[in-house]
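1. please find the sequence and the predicted model below.
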Amino acid sequence: MTSPSHVVVAGTRRAWSPEQKRAILAEADEPGTSASAVARRHGLHSSLLFRWRRAVLAEQRAAV
């Protein structure tokens with residue numbers, strides 16, 4: 001018996017504009033909202049949301 005092959009579809013990675021990232025991060029920062037719920041609503045992993053947040057904080061620190 002052969003195992004099914006794994007198919008990778010090219011072009012499935014989404015690109016988020018800086019404005020979209022800021023809007024999603026702002027939504028996650030609202031009181032009473034969890035970052036995980038916001039991530040699920042937008043179809044992304046919560047780890048990506050936290051990575052974006054760390055990148056924004058690093059940019060802010062570099063600007064100071």
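-> Nice, I can see it. Numbering: from 1, shown residues only.
2. pull out the buried positions in stretch 31-45.
-> Across stretch 31-45, burial judged by 16 or more other CB atoms under 10 Å covers 35, 38-39, 42. Using the backbone N, CA and C atoms, a C-beta is placed for each residue, glycine as well.
3. what helices or strands is the one helix or strand Trp52 maps to leaning on?
-> Using DSSP states H and E, Trp52 sits within helix 46-63. Counting contacts by 3 or more CB pairs under 8 Å, 6 or more residues apart in numbering; DSSP states H and E, helix 46-63 is packed against helix 18-28, helix 35-42.
4. need those helices in JSON lines (columns: mean pLDDT).
-> As requested, the helices and strands packed on helix 46-63 are exported to JSON lines (pLDDT from 0 to 100):
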{"stretch": "helix 18-28", "mean pLDDT": "95"}
{"stretch": "helix 35-42", "mean pLDDT": "94"}
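5. mind putting those helices into CSV with distance to Ala55?
-> Below are these laid out as CSV (distance: least, CB to CB, whole Å):
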stretch, distance to Ala55
helix 18-28, 9
helix 35-42, 15
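6. name the element Ala15 belongs to?
-> Here Ala15 is assigned to no helix or strand, by DSSP H and E.
7. quick check, pLDDT for it.
-> pLDDT, Ala15: 89.
8. ok so, going back, buried stuff in the helix holding Trp52?
-> 49, 52-53.
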